[in-house]
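J.: I would like to see how this sequence folds:
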Amino acid sequence: MKPVARYLLLGSIAENSLRRELIVADTAKRRLLRLQLPADTEVETPTYLDLENAAPTTDIDPARPEQIRATTMRRISRPPKSKLVTSVLDELSQTEELPPLFLPGPSVAYARFEASFPSVASLALHDPILEPQLDGKLLLGFLWHGQRHHLPLTKELASHFDVNTSVGGRKWKLVRDGIPSYAVAAYSAPFEGYCKKWIIALY
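T.: Presented below is the predicted three-dimensional model:
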């Protein structure tokens with residue numbers, strides 16, 4: 001019998017890559033992982049996934065050491081409760097003693113990665129503000145260790161918001177079911193020698 005494990009799907013990222021990576025929480029081992037799939041794979045989050053023979057990739061990327069592959073993926077029709085999702089994100093949330101995603105700056109040189117820290121993080125949000133840019137991108141601004149940071153939303157996540165002015169405080173109820181408490185952030189695949197930070201999900 002093939003080994004099957006259940007994971008919590010939180011979001012996905014396909015920026016700078018021909019492959020989509022699903023960001024999943026391994027709730028048994030309390031860690032965030034990246035599951036490689038074709039870039040045109042459609043996903044709905046949050047949801048449960050059953051993965052057969054999930055294992056680390058053979059070619060470990062120092063910038064994305066959590067990558068895994070699986071022989072079979074099956075979605076579970078029963079969606080997880082929102083309290084369970086936020087509980088998992090709270091338990092896995094990154095300390096504010098380090099910059100979001102552990103290294104400073106909106107992007108990091110690929111040469112700096114040594115597979116020694118995660119490429120995915122749960123960020124507890126304080127005073128989050130959605131900020132549309134002139135180039136059409138959306139930034140998420142938030143306070144982190146007393147300073148305001150700004151990270152872009154992936155194209156997929158940004159497509160869920162139709163805004164042309166900043167959204168913060170009570171205005172969040174106009175675009176979602178309230179103020180987000182957590183963001184899931186991840187580094188992109190390397191492009192021109194750099195890995196960029198992205199917000200891939202809000203909860």
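J.: Could you list the residues in contact with the lowest-mean-pLDDT helix or strand in the chain?
T.: In the chain, the helix or strand scored least confidently by mean pLDDT, DSSP states H and E is strand 72-76, which has a mean of 84. With C-beta atoms under 8 Å, 6 or more residues apart in numbering as the contact definition, strand 72-76 has outside contacts at 2, 6, 35, 37, 47-53. For glycine as for every other residue, the C-beta is placed from the backbone atoms N, C-alpha and C.
J.: Buried ones among the residues you listed?
T.: 35, 37, 47-49, 51 (16 or more other C-beta atoms under 10 Å).
J.: rewinding a little: any chance of JSON lines for the contacts of strand 72-76, columns secondary structure?
T.: JSON lines is the format used below for the contacts of strand 72-76 (DSSP: H, G, I helix; E, B strand; the rest coil):
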{"residue": "Lys2", "secondary structure": "coil"}
{"residue": "Arg6", "secondary structure": "strand"}
{"residue": "Leu35", "secondary structure": "strand"}
{"residue": "Leu37", "secondary structure": "strand"}
{"residue": "Thr47", "secondary structure": "strand"}
{"residue": "Tyr48", "secondary structure": "strand"}
{"residue": "Leu49", "secondary structure": "strand"}
{"residue": "Asp50", "secondary structure": "strand"}
{"residue": "Leu51", "secondary structure": "strand"}
{"residue": "Glu52", "secondary structure": "strand"}
{"residue": "Asn53", "secondary structure": "coil"}
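J.: between the least confident helix or strand of the chain and strand 47-52, how big is the angle?
T.: 150 degrees (axes from the mean of the first three to the mean of the last three C-alpha atoms, to 10 degrees).
J.: how about strand 72-76 as PDB, C-alpha atoms only?
T.: Taking Å, rounded to 0.1, in the frame of the first residue of the first chain, the C-alpha atoms of strand 72-76 are listed here in PDB:
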ATOM      1  CA  THR A  72      -0.500  11.300  -6.900                       C
ATOM      2  CA  MET A  73      -2.500  14.300  -5.600                       C
ATOM      3  CA  ARG A  74      -6.100  14.100  -4.600                       C
ATOM      4  CA  ARG A  75      -8.200  17.000  -3.400                       C
ATOM      5  CA  ILE A  76     -10.600  16.500  -0.500                       C
END
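J.: what about this structure, any weak spots by pLDDT?
T.: For the chain, the stretches with pLDDT under 70 are 1-2, 38-40.
J.: let's go with 90 and repeat that
T.: Within the chain, the stretches with pLDDT under 90 are 1-6, 14-20, 27-29, 36-45, 51-60, 69-79, 116-117, 134-136, 162-164.
J.: Buried residues, the lengthiest helix in it. List them.
T.: In the chain, assigned by DSSP state H, the helix with the most residues is helix 82-91. Residues of helix 82-91 classed as buried by neighbour count (16+ other C-beta under 10 Å): 85-86, 88-89.
J.: mind putting the residues you listed in CSV, distance to Thr41 included?
T.: Shown next, in CSV, are these (distance: C-beta to C-beta, whole Å):
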residue, distance to Thr41
Val85, 21
Thr86, 25
Val88, 22
Leu89, 23
